[in-house]
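Asks: Sequence and predicted structure are below.
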Amino acid sequence: MTEILSNFLGGQWTIGRGTGTALYDPVLGDELARVDASGLDLIGGFAFARERGGAALRELTYPQRSEMLAAIAKVLQANRDAYFDIATANSGTVKNDSAVDIDGAIYTLGTYAKLGQSLGDRRYLLDGAAASLAKDGLFQSQHVQVSVRGLALFINAFNFPAWGLWEKAAPALLSGVPVVVKPATSTAWLTQRMVKDVVDAGVLPAGALSVVCGGSAGLLDALGHFDVLSFTGSADTAATIRRHPAAAERSVRVNIEADSLNSALLLPGEAPGTPSFDALIKEVAREMTVKSGQKCTAIRRIFVPEAVFDAAAEAISGRLAKTVVGNPRNESVRMGALVSRAQLAAVREGLAYLKQHAEVLHDGDTHALVDADPDVSCCIGPTLLGTRSTDSADSIHDHEVFGPVATLMPYRDTAHALTLVRRGRGSLVVSLYGSDAAALGNAALELAESHGRVHVISPEAAAVHSGHGNVMPQSLHGGPGRAGGGEELGGLRALNFYHRRAAIQAAPGVLKTI
Ligand code: NAP
């Protein structure tokens, strides 16, 4: 049996009572490690985090907490090579895809370390100016934002074991709130190793960072009235969480990042060969293949004017055909594996479902796997589907296949295109491609109500844009409706979730002291 990864809770490394659940190499099929959280003292561990970790963090000013984030980034940077090895083994990703997760995490920490320095030498935030409540301003209302006096529990998805932790932990720790992370079981190793390195480096106060690897049983029961919960994962689990008494009865503040049918839209008038057409083709092929399409922000639906449907199908298929799929240890491979056999089965099942409403334009099964046994590995080639029955293809607008799969669809005019994009019922991101600045601006505003982020590629942005699916700490991440209704990142906006807003009503003499 392989090693059971330790949990870190209540300031101690501890293992569960059982034999645990195995983590596998999704290319070679080998067992890598085990995780087990059964029998942990969650109530005691959470109390330690709140009382010791929370108190120590709240003692620090924002710039002091910023220095802590910078120190974490330094620890991660020093151990970066080990993280890439773990990602290759446990996530089956090629180096560039591992970098999206690992370097993305370090960059996000660095960004919040800088942002925190701008908040001044204080431990709470003023929210707007004071408003007068009495004649001559003798009694006023001043809003403040103070650190949440609980802990932040993160329940994370399998696809970003590194970034998924730090994009949440950076704003939480900067806000003075201790963190408990429960990574998804299948890829928990990288999260656990990062926490271990940071704990061992001693850059955080006791109780500020804990990790629970294994099942989720009991975690929500251990949450108290002032804790917050940030969840990333499927819409089904999100629904279970929303119904739990922690959320329904104890008002635990919950942020949900769920699945999403993100779109790419080529605006009217962009013929094949124009920079906008080419930018769309390139980005779609990239988004379908980065991390084997296992990104919550990946493009799932592609909308083009009717006249260019065939040309777009040919151009995207041409690019996908060149993608070498297989073992990420082979230098020629550009796209590695899905994360588990369960995910491979879910992608195959999802593809079969979508194929009922769409034809195959490029078949992932035509890709020979390099250095990977199809009976063992979780590798699958990218598949482009297409349908001209855009209005009746319900499954295409409803079902997220979490893998290298997208569907191309034609539209009649701009109004039709916007209606089709909105059929996703709320998404994380839509990208727009075109050369008419006014038309792009209009479409962006039209779609802002149903998307957390609108990524607009005009020709001058084509070479410098940050990528449809790349979540930048400066911009909002999250989306309304089926995307979960959550909000993360967006620069200092992320701190709102980890602060409590209160109005202090007092005479100006008192308000002056805060
Ligand atoms: P999942 O099955 O919902 O699992 C997500 C996390 O929830 C895992 O840590 C899982 O633990 C835990 N969990 C499972 N059942 C639970 C319960 N009853 N109570 C509390 N926690 C529970 O999702 P997934 O299949 O791993 O992730 C893929 C999905 O995540 C995709 O749909 C994708 O779109 C979405 N996603 C969204 C974002 C975003 O930012 N919006 C980012 C990444 C992924 P175990 O692993 O131990 O079961």
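Replies: It's in. Keep in mind it's a predicted model, so treat the numbers as computed, not measured.
Asks: The lengthiest helix in the chain close to the ligand?
Replies: If you go by DSSP state H, the chain has its longest helix at helix 95-117. No - counting by Cβ under 6 Å from any ligand atom, no contacts exist between helix 95-117 and the ligand, the nearest distance being 10.9 Å. All C-beta atoms are positioned from the backbone trio N, CA, C, and that covers glycine.
Asks: Would you pull up how far that helix lies from the middle of the chain?
Replies: When C-alpha coordinates are averaged (Cα atoms, centre = their mean, to the nearest Å), helix 95-117 and its chain have centres 13 Å apart.
Asks: helices and strands around it, which ones?
Replies: helix 62-78, helix 80-91, helix 163-174, helix 188-201 (3 or more Cβ pairs under 8 Å, 6 or more residues apart in numbering; DSSP states H and E).
Asks: Taking their axis directions, the third one and helix 95-117 sit at what angle?
Replies: Our comparison of helix 163-174 with helix 95-117, counting by axes from the mean of the first three to the mean of the last three Cα atoms, to 10 degrees, yields an angle of 10 degrees.
Asks: Can helix 163-174 be said to contact the ligand?
Replies: No - with Cβ under 6 Å from any ligand atom as the measure, helix 163-174 is seen stopping short of the ligand, the closest distance being 6.9 Å.
Asks: tell me the most buried of the helices and strands packed on helix 95-117?
Replies: When these are scored by mean count of other Cβ atoms under 10 Å, the highest mean neighbour count falls to helix 163-174 (a mean of 27).
Asks: who does that helix touch, helix- and strand-wise?
Replies: helix 62-78, helix 95-117, strand 152-155, strand 179-182, helix 188-201, strand 488-489.
Asks: about what we covered before: partner strands of the helix or strand just after the longest helix of the chain, parallel or antiparallel?
Replies: Using DSSP states H and E, the helix or strand that follows helix 95-117 in sequence is strand 125-132. In the sheet, strand 125-132 lines up against strand 140-147 (antiparallel) (DSSP bridges).
Asks: Would you mind putting the CA coordinates of the partner strand into CSV?
Replies: Coordinates of the C-alpha atoms in strand 140-147 are reproduced here as CSV (Å, rounded to 0.1, in the frame of the first residue of the first chain):
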residue,chain,number,x,y,z
GLN,A,140,-23.4,60.1,11.4
SER,A,141,-23.2,56.7,9.8
GLN,A,142,-19.8,55.3,8.8
HIS,A,143,-19.6,51.9,7.1
VAL,A,144,-16.6,49.7,8.0
GLN,A,145,-15.4,46.3,6.7
VAL,A,146,-13.8,44.1,9.4
SER,A,147,-12.3,40.6,9.1
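Asks: Not counting its own residues, what contacts that strand?
Replies: Strand 140-147 is contacted from outside by 54, 57-58, 123-134, 175-177, 495-496, 498-508, 511, 514, using Cβ atoms under 8 Å, 6 or more residues apart in numbering.
Asks: Show me which positions of it end up buried.
Replies: By 16 or more other Cβ atoms under 10 Å, the buried positions in strand 140-147 come out as Gln140, Gln142, Val144, Gln145, Ser147.
Asks: quick one: contacts for the residue most central in space within the chain?
Replies: By Cα atoms, centre = their mean, the chain has its centre lying nearest to Gly164, at 5.7 Å. Going by Cβ under 8 Å, 6+ apart, Gly164 touches Asp101, Phe154, Asn156, Ala157, Pro183, Thr191, Thr232.
Asks: try it again with 7 Å
Replies: Asn156, Ala157, Thr232 (Cβ atoms under 7 Å, 6 or more residues apart in numbering).
Asks: for Tyr411, same thing?
Replies: Going by Cβ under 7 Å, 6+ apart, Tyr411 touches Phe303, Pro305, Glu306, Thr390, Ala417, Leu420.
Asks: repeat that for 10 Å
Replies: 265-266, 268, 303-306, 309, 390-391, 417-421 (Cβ atoms under 10 Å, 6 or more residues apart in numbering).
Asks: Tell me the bridge partners for it.
Replies: On the basis of DSSP bridges, Tyr411 is bridged to Pro305.
Asks: quick one: Ser377 and Gln343 touch, right?
Replies: No - the pair Ser377 / Gln343 is not scored as a contact, 12.0 Å apart, by Cβ atoms under 10 Å.
Asks: Report the set of residues contacting both of these two.
Replies: What both Ser377 and Gln343 touch, as defined by Cβ under 10 Å, 6+ apart, is the set Pro26, Ala337.
Asks: Those two: which is more packed in?
Replies: Using other Cβ atoms under 10 Å, the more surrounded residue of Ser377 and Gln343 is Ser377, with 24 against 21.
Asks: Look up the closest residue to that one, ignoring the ones flanking it.
Replies: Nearest residue to Ser377 in three dimensions, chain neighbours excluded: Val27, at 4.8 Å (Cβ to Cβ, 6 or more residues apart in numbering).
Asks: just to revisit the earlier point, going through the contacts of Tyr411, which ones are buried?
Replies: If you count burial by 16+ other Cβ under 10 Å, the buried members of these come out as Leu265, Leu266, Pro268, Phe303, Val304, Pro305, Phe309, Thr390, Ala417, Leu418, Leu420, Val421.
Asks: From those, which land in strands?
Replies: Members of the buried ones among the contacts of Tyr411 lying in strands (criterion: DSSP state E): Leu265, Leu266, Phe303, Val304, Pro305.
Asks: hmm, back to that, could the helices and strands packed on helix 95-117 go into TSV alongside distance to Pro404 and mean pLDDT?
Replies: As requested, these are exported to TSV (distance: least, Cβ to Cβ, whole Å; pLDDT from 0 to 100):
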stretch	distance to Pro404	mean pLDDT
helix 62-78	28	98
helix 80-91	15	98
helix 163-174	20	98
helix 188-201	21	98
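Asks: These: which one's closest to Gln294?
Replies: With Cβ to Cβ as the criterion, Gln294 lies closest to helix 80-91 of those, at 8.7 Å.
Asks: So what's the gap between the closest one and the chain middle?
Replies: The answer for helix 80-91 is 19 Å, by Cα atoms, centre = their mean.
Asks: Does anything pack onto it? Which helices or strands?
Replies: Helix 80-91 is packed against strand 21-24, strand 31-35, helix 95-117, helix 188-201, with contacts defined by 3 or more Cβ pairs under 10 Å, 6 or more residues apart in numbering; DSSP states H and E.
Asks: And stretch 254-272, end to end?
Replies: 45 Å (Cα to Cα, to the nearest Å).
Asks: what's the answer for stretch 205-212, then?
Replies: End-to-end distance for stretch 205-212, by Cα to Cα: 18 Å.
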